[in-house]
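Peer 1: Please find the sequence and the predicted model below.
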Amino acid sequence: MTMDLISARAALAGLLDVADLHDEALQARVQLALDRKTKPQGSLGRLESLALTLARIQGRERPQLQHPQMVVFAADHGLAARGVSAFPSEVTWQMVENFLAGGAAVSVLARQHGLALSVVDAGVKHEFAPRPGLISRKIGWGTADALQEPAMSLAECVAAIETGAGVVRSLPGNALLLGEMGIGNTSAAALLMARLTGEAIDRCTGRGTGVDGPALVRKTEILRQVLARHAEATDPLAALAALGGFEIAMMVGAVLQAAAERRVIVVDGFIVTSAVLVASRLAPAVLQRCVFSHQSDESGHRLMLARLEAEPLLALGLRLGEGSGGALAWPLLESACRILAEMASFEAAGVSDREA
C-alpha cells in the first residue's frame, strides 16, 4: 500500500514530540557554579558553554556521561553508479568489515576513548556474517538511483527512521555519538542541504571521497538534475525519501529517539549534520540536545552549521566521516563534566576572589 505524507507523519508522531528544554533557573545555577570556580570568570571559554549545554540536556547541575555509544550507520546509494564518488560502491561493505575488525580510524579512536562501537547495516549491498558489534537492520540493498526515481519510498523512509530509533532504544547509556559509511552519501547530504536550506547546490557540493576538477563539476551537475527531478519534494520527509539514504534516515530516527531520552547527541561531520538538519525540521528541539564536534573540510559543512546556528568544538580539516570527529571531541565533553563536578570554588578552596 502506498504511504502519503499525512500517514507518514502520523506513523512517526511519537518520535516527533520532542520537548523544549528551556530552564532558566537551572541555567542560572550552573552559570553561578561556573563563575564561582577558582578562575577568572569565563576563562575556560568554550568549555564553560559546553558544560552549560550538558547540564541543560541532562537537567542537572552536575551532568555525568555514562556508557557512551558510538553507532556507525552504513548503507549504499544507487546514485553512486553515476560516478559521484572517487571510490566504487563495494568500498562501503569493505569498510564495514574494517570497522568490525577494529582497523578503521573510528575503531582506533573508540578504543582510545572507551566508546562502545556498533555498526548498523542499514542497507549495504552485501550479506554480512553475524558477529559482535554488527547490528543487522537492512531496509534494502542500497537505495534507488535518485536521478531516475525517489531514493526511497515514503514507507521505506519511515521504516528506516523507526529502525534507527529502535537501535538507540536498545543501547545503554546517556550519550550517542553518530557516524556513517556509504559511498555516495556526501551527494545525498548535499542534496538534502540544498533542498532544506535553499542554498545553491554548487555551494553544498564538495569533494567527498576526493572528487576534484572536472569530476566535481560533473558531480554538481548530476545533483542539480536530481533536485530538478524531485522539485516537488519540499517537505522534510518527502525530501529525505527522494534524496537521502537508508543510513541518513536511520540517523534521523536515532537523533529523534536520543533527543526524547535526553541523551547527549554528539554530531560528526557533513553527513551526520545533514541527518540532524532533517530531524530538526521535523522536531526543532532536537538541536538543544546536540553537541557539534567539528567543522569538516567538506565545503558545505560550514554553511550547514551556520544554518543550524551551531558552534563546532574543533576545526581540524577532517573530511573522513565515520564518527571520527565525534570521537576526537569526546574528551572535551568529559572535561566539561569534570570541571563542574570536581573543580573547587573560591569558598571551598579558601582562595580570595577578585576585588569588587
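Peer 2: Nice, I can see it.
Peer 1: Now name the helix or strand holding the residue most central in space within the chain.
Peer 2: For the chain, the residue nearest the mean C-alpha position is residue 272 (3.2 Å; C-alpha atoms, centre = their mean). Per DSSP states H and E, residue 272 falls inside helix 270-282.
Peer 1: Tell me the first helix or strand C-terminal of that helix.
Peer 2: strand 290-292.
Peer 1: In the protein, where's the longest helix?
Peer 2: In the chain, taking DSSP state H as the definition, the longest helix is helix 324-342.
Peer 1: So which bits of that helix are buried?
Peer 2: Using 16 or more other C-beta atoms under 10 Å as the test for burial, helix 324-342 gives 324-330, 332-333, 336-337, 339-340. Backbone N, C-alpha and C define where each C-beta goes, glycine included.
Peer 1: ok, back up a step: between the helix holding residue 272 and helix 324-342, how many degrees?
Peer 2: Following axes from the mean of the first three to the mean of the last three C-alpha atoms, to 10 degrees, one obtains 70 degrees for the angle between helix 270-282 and helix 324-342.
Peer 1: State the mean pLDDT of helix 270-282.
Peer 2: For helix 270-282, mean pLDDT is 98.
Peer 1: returning to what we had before: quick check: the residue nearest to the centre of the chain touching residue 251?
Peer 2: Yes. Assessed by C-beta atoms under 8 Å, residue 272 is found in contact with residue 251 at 6.3 Å.
Peer 1: Next, show the common contact partners of the two.
Peer 2: Shared contacts of residue 272 and residue 251 (C-beta atoms under 8 Å, 6 or more residues apart in numbering): 178, 180.
Peer 1: In the chain, what residue spans correspond to strands?
Peer 2: 69-75, 116-123, 134-136, 175-181, 264-267, 290-292 (DSSP state E).
Peer 1: Now tabulate those in JSON lines and tack on distance to residue 104.
Peer 2: Converted to JSON lines, the strands of the chain look like this (distance: least, C-beta to C-beta, whole Å):
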{"stretch": "strand 69-75", "distance to residue 104": "9"}
{"stretch": "strand 116-123", "distance to residue 104": "9"}
{"stretch": "strand 134-136", "distance to residue 104": "14"}
{"stretch": "strand 175-181", "distance to residue 104": "9"}
{"stretch": "strand 264-267", "distance to residue 104": "18"}
{"stretch": "strand 290-292", "distance to residue 104": "22"}
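Peer 1: Let me have the ones you listed in TSV, extended by mean pLDDT and mean neighbour count.
Peer 2: Below are these laid out as TSV (pLDDT from 0 to 100; neighbours: other C-beta atoms under 10 Å):
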stretch	mean pLDDT	mean neighbour count
strand 69-75	98	30
strand 116-123	98	24
strand 134-136	98	16
strand 175-181	98	29
strand 264-267	98	27
strand 290-292	98	24
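Peer 1: To residue 89, which of those lies closest?
Peer 2: Comparing those against residue 89 with C-beta to C-beta, the closest turns out to be strand 69-75 (10.6 Å).
Peer 1: Paired strands for the closest one, with orientation please.
Peer 2: strand 116-123 (parallel), strand 175-181 (parallel) (DSSP bridges).
Peer 1: okay, now the nearest residue to residue 104 once chain neighbours are set aside: neighbour count?
Peer 2: Excluding the flanking residues, the one nearest residue 104 by C-beta to C-beta, 6 or more residues apart in numbering is residue 98, at 4.7 Å. Residue neighbour count, defined by other C-beta atoms under 10 Å, stands at 18 for residue 98.
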